[in-house]
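S.K.: Below is the sequence, then the predicted model.
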Amino acid sequence: MMTFRILTTMCGLYAAIVLSGCSIGMALSGNKQPNFDLISVGAPRNQVEAEFGHPSAMNELTAGIQEATYKYEMGNSPNTGRAWMYGYAWLTIIGILGEPIYSLIELNMGHDEETRIVYGPDNRVLEIHGYTPPPVSKVVIESESSQEKFIERRQKSQSTPVEQSGSPPAQ
């Protein structure tokens, strides 16, 4: 009976040590989300495949027109902020107790999506069907424009450094 209790305790400690960094590792891994600003009607095939990867299925339609199906994951991009938060929480008292919860949160991050794109004979996008991201809210647009104004103002206020050399000017 005592051997069983010691064995159970050792297995529990081993599991706690091995699983202690799972949520941090999961937050740092993941798949980059496609940039839907680059995917529009008229875009070349290589630009679309740079965002989505290779198609999971290709269908040959009439007169050189092709339909490609792309599968990808949304909402599971690598995030160092989440990893730092999990690491900080692990260093506190609740970290060890919260690790199973953090790992479950990371396991449920992201969802699979599918987009079908129809290409013309010139390998340019004719139609896009399937998932499209929600439109950007007015608040986000306003905040980005105010940030750009600040960045432009800051760049204008900085002067360019003058290069000085040790050699006399050429005549």
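M.R.: Okay, I see it.
S.K.: make it CA atoms for all contacts and neighbour counts henceforth
M.R.: Fine.
S.K.: any idea how far residue 146 is from residue 135?
M.R.: 19 Å (Cα to Cα, to the nearest Å).
S.K.: Model confidence at the closest residue to residue 65 other than its chain neighbours, what's the number?
M.R.: Of all residues not flanking residue 65 in the chain, residue 120 sits nearest, at 4.7 Å (Cα to Cα, 6 or more residues apart in numbering). If you check residue 120, the pLDDT there is 93.
S.K.: quick one, phi psi at residue 120?
M.R.: Backbone torsions for residue 120, taken as degrees, to the nearest 10, come to phi -80, psi -180.
S.K.: which residues sit in contact with it?
M.R.: Contacts for residue 120 were tallied using Cα atoms under 8 Å, 6 or more residues apart in numbering; they are 64, 65, 66, 126.
S.K.: most centrally placed residue in this protein?
M.R.: Against the mean C-alpha coordinate of the chain, by Cα atoms, centre = their mean, the closest residue is residue 77 at 2.7 Å.
S.K.: and that residue, that one's in a strand?
M.R.: No. Residue 77 is assigned coil when assessed by DSSP: H, G, I helix; E, B strand; the rest coil, not a strand.
S.K.: Give me the average confidence score over the top helix by length along the chain.
M.R.: Across the chain, the longest stretch assigned as helix under DSSP state H is helix 138-157. Taken as a whole, helix 138-157 has a mean pLDDT of 78.
S.K.: looking at it, residue 28 is touching residue 76, isn't it?
M.R.: No. With contacts counted by Cα atoms under 8 Å, residue 28 stays clear of residue 76, the gap being 9.7 Å.
S.K.: distance of residue 120 from residue 58?
M.R.: 13 Å.
S.K.: Can you check which residues contact both of these two?
M.R.: Here residue 120 and residue 58 have residue 66 as joint contacts, going by Cα under 8 Å, 6+ apart.
S.K.: just checking, what packs against the longest helix of the chain?
M.R.: For helix 138-157, there is no helix or strand it packs on, judged by 3 or more Cα pairs under 8 Å, 6 or more residues apart in numbering; DSSP states H and E.
S.K.: right, and the secondary structure at residue 84 would be what?
M.R.: Secondary structure assignment for residue 84 (three-state DSSP): helix.
S.K.: Not counting sequence-adjacent ones, nearest residue to it?
M.R.: residue 24 is the one closest to residue 84 (Cα to Cα, 6+ apart), at 7.5 Å.
S.K.: what about this structure, any weak spots by pLDDT?
M.R.: Along the chain, the model assigns pLDDT under 70 to residues 14-21, 93-96, 152-171.
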